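With the input below, show me the fold.
(chains A, B and C)
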Amino acid sequence: MTEPSPVLLAANVVATAAPILLASLGETLTERAGLINLSLDGTILLAAMAAFAVAHDTGSVALGFAAASAVGGAVAAVVGFAGVILGVSQVAVGFVLTLMCRDLAYFLGNPYSRIQGPQVPPLPVPGLADLPVLGPLLFRHNAVVYLSLVLAPALWWVLYRTKWGLEVRAVGEHPEAAYARGIAPRRVQMVCAVVGGALVGLAGAAYSLALKPGWGRPQGAEGIGWIALALVIFGGWHPVKVALGAVLFALLQVAGIPLQEAFPSVPAQVFQVAPFPLMIFTLLFMGLSQRESVERWAADRTWARRLVRAFRGAAPRALGRPMEGG
Amino acid sequence: MRIRAFEILVAAGLVLLFTTAVLLLTGAPPLEAFALLVRGSFGSVSKLARVLTVWVPLTLCACGLIYTFRIGLWNIGVEGQVILGAVGATWALRAGAGHLPPGVLLALAMAAGVLLGAGWSLAAGVLRTRGGVNEIFAGLGLNFVAQGIVLWLIFGPWKRPGVASMSGTVPFPPGLWLPNFSWGRLSPVALGCAVAALALTAWLLGRTRVGLFLRAVGGNPRAAHLLGLPPERYLLLAMALAGGMAGLAGGIQVTAVYHRLIPAISSNYGYLALLVTMLAGFRLGPVAPIALFFAGLNVGSVQLPMALQLDSSLSGVIQGASVLAVLLAHGWDVRRARRQA
Amino acid sequence: MHIVLDDIHKRYGRVHANRGVSLEVRAGTIHGVLGENGAGKSTLMRILAGYTRPTSGRILLDGDEVRWRAPAEAVARGVGMLYQDPMDFLAMTALENYALGRRWVPPRELRRDLEARAAELGFTVHPEMPLERLTVGERQQLELLRLLSLGVRVLILDEPTTGISGVQRETLFAALRCLADEGRSVLLVSHKLEDVEALCDEITVLRQGAVSGRAERPFRTRELLEMMFGEPPAVPRKVGSTPGAPIVSFRNAWATGGRSGLRRCSVTIREGEVVGLAGVEGAGQNVFLRLAAGLNRPYRGAVEVCGAPVRAYRWLRQQGVAFLPAGRLEEGLVRGLTVLDHFALGRSRIPFLDPWRGARDRAEEGIRQYRIRGRPETPVEALSGGNQQRVLLALLPERPRLLLLESPTRGLDLESAHWVWEQLLAHKARGATIVFSSPELDEILMVAERVLVFHDGALVADVAAAETSVAELGSAIAGRAAPPPPSPDVSVTAVETP
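Modelled structure (predicted):
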């Protein structure tokens, strides 16, 4: 490798960001339709375990990914069924599933603990992979990373440029009005839950088959689901801003590695909690920027107004509220 | 949420089916596993003592959660509040050892646990009331931070002389342990705390203004404000009560169970207590028996790895499945009733 | 299209919202459906529009029986409805709202279509503007255009004149007349006599879920009133008084909130006055009330109540200031708590005492005095709207100094509304000052001594009730000092006679 190390570090950020992008963008789609799937953290683990186990037993990485997305979709379908069809609290169901899926993953994954298994092979894009800087940065990754890279613009295009996306947003805003216009809100919500959940499942596979290959207790993906959920708020439910947040987060994670090497006496677990105060601070920043007093303060300062406006993002109005009647 | 007996029956059937399926999936004999769970938890007096030792922190945390659920808060930070309680108790014992009589010191350690637990909970509460941060994310983030603090303490300022390790801080001298019953490893003081918490919660919620006000603020904060209540103050009160009880649970883990600070001091009891409260339909009445059921599962599953080469997380699967099944059965029942109306 | 509703019944649990309603609308006519709030008008219209399924009964369009499974089916057959709570999407642009629920059309083409249709009816549209920045009237116009573009031949409008300005009302009525002349059938649902009388060819009156009468032009107001109420209810009498010392004073106050906030407001209200606040919804009246109640703070200027700059709401409450919100279950009462619980709340402040001791007597007294149909153990959400309002009134302090009321009779039938006013004016007779907002100018003129008119966040008129009229207030609400110029709808007439 003759490339300067900043490029390699940046390429590492791109790879690290892949599962976070998949999970947070999947959840963005689900929440845009008005449904909260709080089960992300457990889903990612269960999907990671399923991906590794299936890939190990069949020898096919592709089947591993298929299993992971099926698991993610199935868990989301439970949340959707309970929340949308039965009208049970989405937060309650999601939270129970988070805990249960994690334990289920540990229980079912026990025989696969700490063993060798297949990994996703890198898939350099012919022609583009040899470009200076851009080649190693973007085009020498595996297929999951490519998927994560195109997902944000794709989701943006779907949500803001297609009829179906318009309907998804309409359902998240006001399901009763969507119903009055011939849309089936519950069906849209179920579809968004399952598709979003499948993406979350892929995030799990991206850990156990690529980024942190193998299965164990702990796997190393613990806590990522919560980060992804917070990123959706941070990004104001807008796919591009959510993606930026995910990349930013991956950057901080990668930047943390040298820091960890500088303090070898401090256990790794201490560094692993670093993202969480950061998460609280970003949410605090978001929360405060919505306050009227801050808004008024920013009104007279151009830069502050721009900053506040850039972070402004309203939650879908019907988020977490099932449709009435119909 | 009032759950009917019929719903419980359906849910129990679902859980049994699901667990059996999971066991068959791993190739384990289901009947043997179930028998092991029962024998391992309620099979002998000493095992019962162990179950009650788990029941105490679960009940304490669940009692605290009743306050926060009453006011409509998802106090997921309860896990971190247990941890901080344990840190507070350890700190008091370390600071006071040799200076104060053991009885006084133990009482102070408990008080320190309560205070730190309540403080950690108030942090999440203030983030919510003043900073507009959803309490789920604030609490969850603080849980991870609390875990980080414990690891830092164990590997840093409070490390064992010589080499720091995951086995925790130096154990306290037996003079600073809460005494046990003669018939098993269970502290009567701990048991008393849990029973007192149940009684206190029943009284506060059922017979005083606090209970009514929490319900009013939880039901409609804006209306409560217009009717002359200060919603923010009651939100913080509920958080402090929950955090205090969780902190007490943490203090008990240190003084009565582990006699030192270990990385896994909270043993996930906070999260588990959330499940207990949900399964209880957010009401106090069923908390004690459900906590006993969950504690039995936890203790019973300890033997699974040795006897059947299964992971002990089976207990978590059953606990989660129970709550999920009840939520689904209840939701289904409510929907059916609504459709017939 | 010729519409027949035949023996429609609708039950919600124990509530019988429609009891065998039959109705016929001829093609090309405007048919009024008149009745008090809760008479079953909205339910009936939702059934015709396919949003709600009837328990029994038939719908016939041009003689064919139809059974809707969803509102979209009704639209496909040419029946469209403007709902009372707007069925639109606030976070989306006008164009996106226009596009939702139709075949995909390139946005540029759709925009041209929208603008052309708007020009035809004399409407103004802002295709790229998010709906939350439009007025209720503009949103209504957009929804009307959308339904017309889908080929709707039967148009149902549920209380379309609530919350819109006088000018917008004129524009709307002109457009409806024009649509009827083109052969469409229009159903106008309202509880306001003047709307229905001004526009309709025929009227069906509903009362307590059943048809209580029909009428054709020319209408006799007395007869319509009798069909609506049985005996027309007695009007509460104004209590005269001489204003005392200032109790509320605004000095150049600015505040945010509502649609337009409040700007540069200076006014003084004296003890013993009854002041009505008029204006289109969100024009500043409610911000005014909330400022006086200490629930909102001015960011510029000053507000003084009871002789001191406003402090927290709880402090003002102790001074005898009471605030009554418009949203009863949204802001006034707590779902899940009983009537008794509400009486137990908010009296003594000692946290560890039994709150219910003594509350039962007060609750039973309140229930008797305010004729609340319910028991102390009834959860408040199980009460009807009128009874919820009575609970709120019973919870007011016994001798208030200042009553700040947001639409105190919203959603009540006329009889209940008059009864409520009797109780409130009794407070006034004991020396209370009353400041209230209302969307009904008639109500304001009936009870207020003085009227403040708000337009777009500014106080535009301050007149004695005895010296003004509905017409004058109406034009002030629309932002004009003088009555509106004769024809704001020239473009419509131009379309009619090409």
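
ranges for the helices of the stretch 101-250 of chain C?
In the stretch 101-250 of chain C, the segments counted as helices under DSSP state H, counting those that start in this stretch are C:107-121, C:136-149, C:166-181, C:193-199, C:221-229.

Please list all residues in contact with residue C:389.
By C-beta atoms under 8 Å, 6 or more residues apart in numbering or on different chains, the residues touching residue C:389 are C:328, C:408-409, C:412, C:416, C:420. (Glycine included, C-beta is placed from N, CA and C.)

what's the closest of those to chain A?
Checking the contacts of residue C:389 against chain A with C-beta to the nearest C-beta, the nearest one is residue C:328 at 18.3 Å.

who touches the closest residue to the closest one other than its chain neighbours in this structure?
Excluding the flanking residues, the one nearest residue C:328 by C-beta to C-beta, 6 or more residues apart in numbering or on different chains is residue C:388, at 4.5 Å. Residue C:388 sits next to C:328-329, C:332-333, C:380 when contact means C-beta under 8 Å, 6+ apart.

again, 7 Å this time
Shown in contact with residue C:388 (C-beta atoms under 7 Å, 6 or more residues apart in numbering or on different chains): C:328-329, C:333, C:380.

From residue C:82, how far out is the residue most central in space within chain C?
In chain C, the residue lying closest to the centroid (C-alpha atoms, centre = their mean) is residue C:162, at 5.2 Å. Counting by C-beta to C-beta, to the nearest Å, the separation of residue C:162 from residue C:82 is 11 Å.

Check residue C:455 too.
With C-beta to C-beta as the criterion, residue C:455 and residue C:82 are 24 Å apart.

how about the residues of the stretch 251-400 of chain C near chain B?
Neighbours of chain B within the stretch 251-400 of chain C, by C-beta under 7 Å from any C-beta of the partner chain: C:314, C:317, C:323, C:325, C:331-337, C:341, C:344-346, C:351-355.

Filter those down to the ones in helices?
Among these, the ones falling in helices (DSSP state H) are C:314, C:317, C:341, C:344.

Endpoint to endpoint, stretch A:308-320 covers what distance?
Distance across stretch A:308-320, first residue to last, is 25 Å (C-alpha to C-alpha, to the nearest Å).

Check whether it comes close enough to chain C to count as a contact.
Yes. Counting by C-beta under 7 Å from any C-beta, chain C has neighbours in stretch A:308-320: A:314, A:317.

Next one: that stretch, is it in contact with chain B?
No. Stretch A:308-320 is not in contact with chain B by C-beta under 7 Å from any C-beta; minimum separation 10.4 Å.

how about the contacts of residue C:388, which pair is most distant?
The span of the contacts of residue C:388, defined through C-beta to C-beta, is set by C:328 and C:380 at 8.5 Å.

These two - which one has more neighbours?
Using other C-beta atoms under 10 Å in any protein chain shown as the criterion, residue C:328 and residue C:380 rank with residue C:380 on top: 25 against 22.

For the residue nearest to the more buried one when sequence neighbours are not counted, give me phi and psi.
In this structure, residue C:380 finds its nearest non-sequential neighbour in residue C:333, 4.4 Å apart by C-beta to C-beta, 6+ apart. Main-chain dihedrals, residue C:333, degrees, to the nearest 10: phi -120, psi 160.

per-residue confidence for the residue nearest to residue C:328?
pLDDT for residue C:388: 88.

Please apply the same query to residue B:50.
95.

Please apply the same query to residue C:492.
In this model, residue C:492 carries a pLDDT of 35.

try residue A:2
46.

need the residues of chain A near chain C, please.
Residues of chain A lying close to chain C by C-beta under 7 Å from any C-beta are A:163, A:166, A:169-170, A:173-174, A:176-177, A:179-183, A:292, A:296, A:314, A:317.

Can you say which of those residues are buried?
Neighbour-count burial (16 or more other C-beta atoms under 10 Å in any protein chain shown) applied to the residues of chain A next to chain C gives A:166, A:169-170, A:173-174, A:176-177, A:179-183.

Now intersect these with the strands, please.
Using DSSP state E, no member of these falls in strands.

Pass me the low-pLDDT residue ranges in the chain, would you?
All of this refers to chain A. Where chain A drops to pLDDT under 70, the residues are A:1-4, A:269, A:325-326.

wait, I meant chain C there
C:231-240, C:346-352, C:479-498.
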